[in-house]
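Colleague: task: produce atomic coordinates for the following.
(one chain, ligands or ions: 2)
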Amino acid sequence: MSAPNHHHIFIVTGPAGCGKSTVAKFLSERYGFHYIEGDDFHPKANIEKMSNGQPLNDADRWDWLIILRDEALRNLKQGHKGVVVTCSALKKKYRDVIRTARLYDDEDPDVALHFVYLQASLETLLERVGNRKGHYMKDQMVKSQLEALEEPDEEEIEKLKDCDIVDVSGTPDDVQRLASGVVDKILQKDGMHITGAL
Ligand SMILES: Nc1ncnc2c1ncn2[C@@H]1O[C@H](COP(=O)(O)OP(=O)(O)OP(=O)(O)O)[C@@H](O)[C@H]1O
Ligand SMILES: O=C(O)[C@H](O)[C@@H](O)[C@H](O)[C@H](O)CO
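Modeller: Ligands and ions are numbered 1, 2, ... in the order given. Here you go, the predicted model:
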């Protein structure tokens with residue numbers, strides 16, 4: 001594959017269990033981009049809180065969002081052409097924090113930033129979180145994730161043109177096909193030659 005013209009930050013978003021890590025790993029391998037697991041950057045206190053069954057609030061999340069934004073930019077500066085970051089980014093104001101990466105970027109041409117929102121029903125999330133063993137996020141937390149969730153709506157999508165929605169109700173293969181369909185299109189538009197159609 002050739003490189004795209006711009007540097008790219010892809011943020012794979014959605015509530016616990018929607019498949020962020022699975023999709024982000026796949027995308028990073030497909031395009032040769034650096035993978036950043038957002039959960040690895042939560043302060044210890046946040047992980048402890050979630051492990052104890054307490055949902056995070058805005059104050060718990062602000063610094064973490066800034067850390068992820070800066071980590072993405074740092075990796076681009078080190079020479080990666082793209083990064084794929086997992087980050088729940090449940091609310092629009094959280095996505096707005098990540099969007100400020102564009103202000104702090106001194107690459108030329110400017111960095112391109114996109115959100116890939118993984119859309120899943122309550123039932124799907126409960127099933128996937130329930131099947132997963134040994135994770136700090138238990139299935140009783142899923143409801144609170146959906147209560148906090150603000151999906152990208154028509155206004156955000158139309159106005160900011162940096163969000164795509166991927167339905168993740170299908171098998172991992174189905175989801176990979178849908179997610180790479182979205183990302184292939186963005187990267188091809190930016191001059192990347194992509195081999196290996198799914
Ligand atoms: N399309 C799919 N169909 C069935 N199971 C899936 C699918 N995608 C992921 N899974 C499984 O669901 C569980 C959650 O996936 P994953 O860890 O990728 O989600 P996540 O959004 O990163 O979760 P979290 O944010 O809670 O860490 C995992 O056990 C994973 O193997
Ligand atoms: O904003 C949040 O509440 C968190 O980032 C969560 O979404 C979890 O860390 C993740 O999903 C692990 O299950």
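Colleague: what residues does the longest strand along the chain touch?
Modeller: As assigned by DSSP state E, the longest strand anywhere in the chain is strand 112-119. Applying CB atoms under 8 Å, 6 or more residues apart in numbering, the contact partners of strand 112-119 are 4, 6-14, 18-20, 23, 27, 89, 95, 98-99, 101-102, 151-152, 162-168, 175, 179, 182-183, 186, 190. C-beta here means a position set from N, CA and C on the backbone, and glycine is covered the same way.
Colleague: farthest residue from the center of the protein?
Modeller: Asn52 (24.3 Å; CA atoms, centre = their mean).
Colleague: was I right about Asp110 contacting Ile9?
Modeller: No. Here Asp110 does not reach Ile9: they are 11.1 Å apart, not a contact under CB atoms under 8 Å.
Colleague: of these two, which one has the most company?
Modeller: Ranked by neighbour count (other CB atoms under 10 Å), Asp110 and Ile9 place Ile9 first, with 28 against 12.
Colleague: and the host helix or strand of that one, average pLDDT?
Modeller: Per DSSP states H and E, Ile9 falls inside strand 8-13. The average of the pLDDT scores along strand 8-13 is 98.
Colleague: may I have it exported as CSV, CA atoms only?
Modeller: What follows is strand 8-13, C-alpha atoms only, in CSV (Å, rounded to 0.1, in the frame of the first residue of the first chain):
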residue,chain,number,x,y,z
HIS,A,8,-4.4,10.5,9.9
ILE,A,9,-5.9,10.0,13.4
PHE,A,10,-8.7,7.4,13.4
ILE,A,11,-10.6,7.3,16.7
VAL,A,12,-12.7,4.1,17.1
THR,A,13,-15.5,5.0,19.5
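Colleague: would you map the strands across the chain?
Modeller: 8-13, 34-36, 82-86, 112-119, 163-167.
Colleague: now for the ones you listed, which one comes closest to ligand 2?
Modeller: The closest of these to ligand 2 is strand 82-86. By CB to the nearest ligand atom, the value is 8.4 Å.
Colleague: neighbouring contacts of that closest one?
Modeller: Here strand 82-86 has contacts from 4, 7-12, 20-21, 24, 27-28, 31-39, 68, 71-72, 75-76, using CB under 8 Å, 6+ apart.
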